Structure formats: C-alpha cells, structure tokens
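Asks: sequence and predicted structure are below.
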Amino acid sequence: MSDLRDLYQEVILDHGRQPRNFRVIEGASGEADGYNPLCGDKVHVYVKVEGDVVTDVSFTGDGCAISKASASLMTQALKGRTTAEAERLFESFHALVTGQGDSAEAAAGKLDVFAGVAEFPARVKCASLSWHTLRAALAGRDAVTTE
Ligand code: ZN
C-alpha cells in the first residue's frame, strides 16, 4: 500500500492551505455548487467564458486539503483554455485519479500530483469534486453531488 505521504505531497498541502483563485467572480457566466457527502467537501465554482475561452475561473467553499488543492490547481490549469480543452482536461484528470485511461494531458497541466489519489478510492471524489462542479457550471446546471 502506498504511503500516505505520497498522497499528501507538498504541493497539495500548499494549495490546500493557501488556495489560489479563492474568490467570487462578479458577473460570472456560470456557477455551480458541488457537494461530496462522503467527505463533506463543499465547493462553489465560478467561471467566466468569453467566446469559447475560459477567461477566469475561481472557487469558494470548504473541504479537505485534497478537495481544496484540486480546486485551486484546477483554476490555474484552466484559465485561458477553450471550453473544449477544459472538457478534455476534465477527462484526462478523471483518468489520472481513477488510474484508468490517458492522463497525459493532466500530467502536462501539472495535475500529476493527484496521481496518488488513484490508490485511495475514497479520495477520488474529493479530488474530482471541483471538476464535476466546473462541468456543471459550464453546462448551466446549478448543482452537482458526487455519489
Ligand atoms: Zn474530501
């Protein structure tokens, strides 16, 4: 079994303590609530899309270090990407944390620190909550709950 230290790498702890883009976006083009009942993580994701480019993305909420770090790193990875690229990155990130599929794009987006999550099935929802919530915000849905 992998050591817990592998999961809580320094970058995850850093982003968990000091999340980036942790703020409200006034006049966001989309926003959604995400809830992970398994862990109690709550996130609210804001996204601003101009044309088909994500020009700003942020989040608020509270949860475990992994959920906050994942949201923080997600906002950094997505800014300036098209919505189609965001969708591809979502799929690649999902492949990364579940250990299935092609995760090369997520790794290139500096999201590979979450690869260790694949060893801890209960944590996969913590790591993917913000991404599911972003997807809901882009699709015009108000809320998403992981199951
Ligand atoms: Zn969590």
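Replies: Alright, I've got the coordinates. Numbering: from 1, shown residues only.

Asks: helix or strand with the lowest mean pLDDT in this structure?
Replies: helix 4-7 (a mean of 62; mean pLDDT, DSSP states H and E).

Asks: that one: what's the following helix or strand?
Replies: Next along the chain after helix 4-7, taking DSSP states H and E as the criterion, comes helix 10-17.

Asks: what's whichever helix or strand comes after that following helix packed up against?
Replies: Tracing the chain C-terminally past helix 10-17 and defining elements by DSSP H and E, one meets strand 30-36 next. Applying 3 or more C-beta pairs under 8 Å, 6 or more residues apart in numbering; DSSP states H and E, one finds that strand 30-36 makes contact with strand 41-50, helix 121-139, strand 143-145. The way it works is simple: take the backbone N, C-alpha and C, and place the C-beta from them, glycine included.

Asks: mind listing what's buried in the longest one?
Replies: The one in question is helix 121-139. Judged by neighbour count using 16 or more other C-beta atoms under 10 Å, the buried positions of helix 121-139 are 123-138.

Asks: ditto for the shortest one
Replies: Using 16+ other C-beta under 10 Å as the burial criterion, the residues of strand 143-145 that qualify are V144.

Asks: and it, what does it pack onto?
Replies: Looks like strand 143-145 contacts strand 30-36, helix 121-139 (3+ C-beta pairs under 8 Å, 6+ apart).

Asks: quickly run through the sheet partners of it, with directions.
Replies: Strand 143-145 pairs in its sheet with strand 30-36 (parallel), by DSSP bridges.

Asks: other residues contacting the strand it pairs with?
Replies: 25, 41-47, 49, 61, 63, 67, 125-126, 129-130, 132-134, 136-146 (C-beta atoms under 8 Å, 6 or more residues apart in numbering).

Asks: related to what we said a few turns ago, how about the helices and strands packed on strand 30-36 in TSV, adding mean pLDDT?
Replies: Shown next, in TSV, are the helices and strands packed on strand 30-36 (pLDDT from 0 to 100):
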stretch	mean pLDDT
strand 41-50	98
helix 121-139	95
strand 143-145	90
